[in-house]
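Asker: sequence and computational prediction follow.
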Amino acid sequence: MKFHIQTWGCQMNDHDGEKLSGLLERDGFVPVDSPEEAELVLLNTCSIREKAVHKVFSELGRLREEKERRPLLIGVTGCLAQQEQDALFRRAPHIDFVLGTMALKQLPRLVEEARAGRKKVMDTGEYPDNHLFPPEVTRRRGTAKALVTIIEGCNHACTYCIVPTTRGAERSRPFEDVLEEVRGLVAGGYREVELLGQNVNSYQGGCTFAELLERVSEVDGLEWIRFTTSHPMNFTRELARVLATNPKIAPFLHLPVQSGSNTVLRRMLREYTVEQYLERLGYLGEGRFKLALSTDFIVGFPGESDEDFEATLRLLDAVKYDGSFSFIYSPRPGTAALRLKDDIPQAVKSARLTELQRRQGELTLASNRREVGRTLQARIESSAPMEEGHWLARTASWKNIHITAGAGRLLPFGELVEVTITEAGPHFLRAEVA
Ligand code: SF4
């Protein structure tokens, strides 16, 4: 049976897609590149924002027409599946099965039951060993960097966020397991890993997150370690020291702040003030200037005044983030923020987002321009030239590079090459092989 998995959302979801793909391939299912070729389509969903949910329902609508023309099994997994559960069958009766985020390993059973003709098959149970997925089963997507789960779930309770409901409480993988997986990945040719979790720095798998980073960095042959994502209140001095001193940790820190206003942060239940956030960044000392910093912002959160938004802009200017992800607040069912009045007009929300992104664009361009003339290492991320002689790569600080290598020259996928930066744009750098 041919299958296709369509994934929306974060790296955790991407990696879940790799695990689900592995389970199906282990049972003889064959992956195909498009839903049109597939006999089984699995929608691996995200429910963090309304837009992501719309995309899922629009795809479900398209698949209903497809299913009217030919036999097709449709499964839904990911955060929307965990959140909506059997309500999904009411909204889209052509769905054959619903698989929760904490029941990944049940996929083969659900597929079998649906193939046998059982209707509305569902498992959204909280299996306590979900985070202990056998790495040898995972079918990786052929990216230069390998994703490695170290912790699942979240013990925070940000009022806008559905993740603690859809992913459950924190469960850490034992560090020995993580190390074994990383050693296996390096033996298989990977030189870069990204440690994943909703909140990696509250890791407790037999050591602290800072200690885990040190241990992973001792794996011979591994070049760069990344991690995502972090909560500022779990960002410790010990972690800052490791980031600032361990040469294998890629010099990039994504530390979501969400707002520059203490009033808004309190309503978001982020558990820190702007001053405490800045204090955490201060733990890095001089090391901070070796790191590229990025963050997340939500604009238009209920009650966000012009002054609150100005405070966010002041924070942006003060920290001078190298990059940020910013979104308009999107009320989500099941979250505590629904009780707050979503009182900011859409036009105001949009104008704030535009202004924030404009200012971030200037900062990012300035940060990119500082790279021009430098010779540095970048990892080749395209397995073939994008167009004649042009290749995609990433710096350790997570900047996109377009390398001009000259027609006919082959660059080694997944390996580091030395490049000289020749030009900076708002979204990427241009470089030549040094
Ligand atoms: S820290 Fe907050 S935003 Fe992040 S996953 Fe947990 S609840 Fe959601």
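Answerer: Arrived safely.

Asker: now do the residue of the stretch 1-150 of the chain found nearest the ligand: how many residues are near it, please.
Answerer: The ligand sits closest to I48 of the stretch 1-150 of the chain, with a gap of 8.3 Å, by CB to the nearest ligand atom. (Glycine included, C-beta is placed from N, CA and C.) Per other CB atoms under 10 Å, the neighbour tally for I48 reads 21.

Asker: tell me the secondary structure at it.
Answerer: With DSSP: H, G, I helix; E, B strand; the rest coil as the basis, I48 sits in coil.

Asker: any idea how far it is from C79?
Answerer: As judged by CB to CB, to the nearest Å, I48 and C79 stand 7 Å apart.

Asker: overlap in contacts of those two?
Answerer: Residues touching both I48 and C79 comprise G9, I162, V163, with contact defined as CB atoms under 8 Å, 6 or more residues apart in numbering.

Asker: those residues: which ones sit near the ligand?
Answerer: V163 (CB under 6 Å from any ligand atom).

Asker: highest neighbour count among the shared contacts of I48 and C79?
Answerer: Greatest neighbour count in the shared contacts of I48 and C79, by other CB under 10 Å, goes to V163: 23 neighbours.

Asker: surely that residue is in contact with C46?
Answerer: No - contact between V163 and C46 fails when scored by CB atoms under 8 Å: they sit 10.2 Å apart.

Asker: what do those two both touch?
Answerer: C79.

Asker: picking up where we left off before, using JSON lines, lay out the shared contacts of I48 and C79 together with secondary structure, distance to Q198 and pLDDT.
Answerer: Shown next, in JSON lines, are the shared contacts of I48 and C79 (DSSP: H, G, I helix; E, B strand; the rest coil; distance: CB to CB, whole Å; pLDDT from 0 to 100):
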{"residue": "G9", "secondary structure": "coil", "distance to Q198": "12", "pLDDT": "94"}
{"residue": "I162", "secondary structure": "coil", "distance to Q198": "11", "pLDDT": "93"}
{"residue": "V163", "secondary structure": "helix", "distance to Q198": "6", "pLDDT": "93"}
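
Asker: tell me the one of the shared contacts of I48 and C79 nearest I225?
Answerer: Closest approach between these and I225, by CB to CB: G9, at 22.7 Å.

Asker: once you drop chain neighbours, what's closest to that closest one?
Answerer: Leaving aside its chain neighbours, G9 sits nearest to C46 (2.8 Å; criterion: CB to CB, 6 or more residues apart in numbering).

Asker: I'd assumed Q6 was in contact with the one you found.
Answerer: No - in this structure, C46 is not within contact of Q6 by CB under 8 Å, at 11.1 Å.

Asker: the more surrounded of those two?
Answerer: C46 (21 against 18).

Asker: check contacts around the more buried one.
Answerer: Contacts for C46 were tallied using CB under 8 Å, 6+ apart; they are W8, G9, C10, N13, A52, V53, V56, G78, C79, L80.

Asker: and H427, how far is that from the ligand?
Answerer: Using CB to the nearest ligand atom, to the nearest Å, H427 is found at 26 Å from the ligand.

Asker: check the offset of the longest helix along the chain from the chain's centre.
Answerer: Assignment by DSSP state H gives helix 346-369 as the longest helix of the chain. Relative to its chain's centre, helix 346-369 lies at 21 Å (CA atoms, centre = their mean, to the nearest Å).

Asker: let me see the mean pLDDT of stretch 78-98.
Answerer: Averaging pLDDT along stretch 78-98 gives 97.

Asker: change the start of the numbering to 8 and stick with it
Answerer: With 8 as the first residue, the last one maps to stretch 85-105.

Asker: list the buried residues of stretch 364-372.
Answerer: Buried residues in stretch 364-372, counted by 16 or more other CB atoms under 10 Å: R366, Q367, L370, T371.

Asker: thinking the second one is in contact with S333, fair?
Answerer: What it means is Q367. Yes - here Q367 lies in contact with S333, judged by CB under 8 Å, at a distance of 6.9 Å.

Asker: near the ligand, which residues of the stretch 208-357 of the chain are found?
Answerer: H238.

Asker: ok, which stretches of the stretch 208-357 of the chain are helices?
Answerer: Taking DSSP state H, counting those that start in this stretch as the test, the helices found in the stretch 208-357 of the chain are 216-224, 244-252, 269-275, 281-289, 313-326, 353-376.

Asker: helices or strands up against the last one?
Answerer: If I follow you right, that is helix 353-376. strand 299-306, helix 313-326, strand 330-335, strand 423-431 (3 or more CB pairs under 8 Å, 6 or more residues apart in numbering; DSSP states H and E).

Asker: of these, flag the one that's most buried.
Answerer: strand 299-306 (a mean of 22; mean count of other CB atoms under 10 Å).

Asker: can you tell me what sits against that one?
Answerer: By CB under 8 Å, 6+ apart, the residues outside strand 299-306 that reach it are 167, 258-266, 275, 288, 316, 319, 323, 326-336, 356, 359-360, 363, 374, 404-406.

Asker: average pLDDT for that strand?
Answerer: Taken as a whole, strand 299-306 carries a mean pLDDT of 98.

Asker: rewinding a little: from the buried residues of stretch 364-372, which single one is nearest T236?
Answerer: Checking the buried residues of stretch 364-372 against T236 with CB to CB, the nearest one is Q367 at 18.1 Å.

Asker: check the stretch 308-441 of the chain for the residue nearest the ligand and tell me.
Answerer: Scanning the stretch 308-441 of the chain for the residue nearest the ligand gives T342, at 9.2 Å (criterion: CB to the nearest ligand atom).

Asker: what sits against that residue?
Answerer: Residues near T342 by CB under 8 Å, 6+ apart: T166, Y167, C168, I169.

Asker: gap between the last one and V60?
Answerer: Distance check for I169 against V60: by CB to CB, it reads 10 Å.

Asker: shared neighbours, these two?
Answerer: Counting by CB under 8 Å, 6+ apart, the common neighbours of I169 and V60 are S54.

Asker: coming back round to it: check which element follows the longest helix of the chain along the chain.
Answerer: Note on helix 353-376: by DSSP states H and E, the next helix or strand toward the C-terminus is strand 382-387.

Asker: and E91, how far from A99?
Answerer: Taking CB to CB, one finds E91 at 10 Å from A99.
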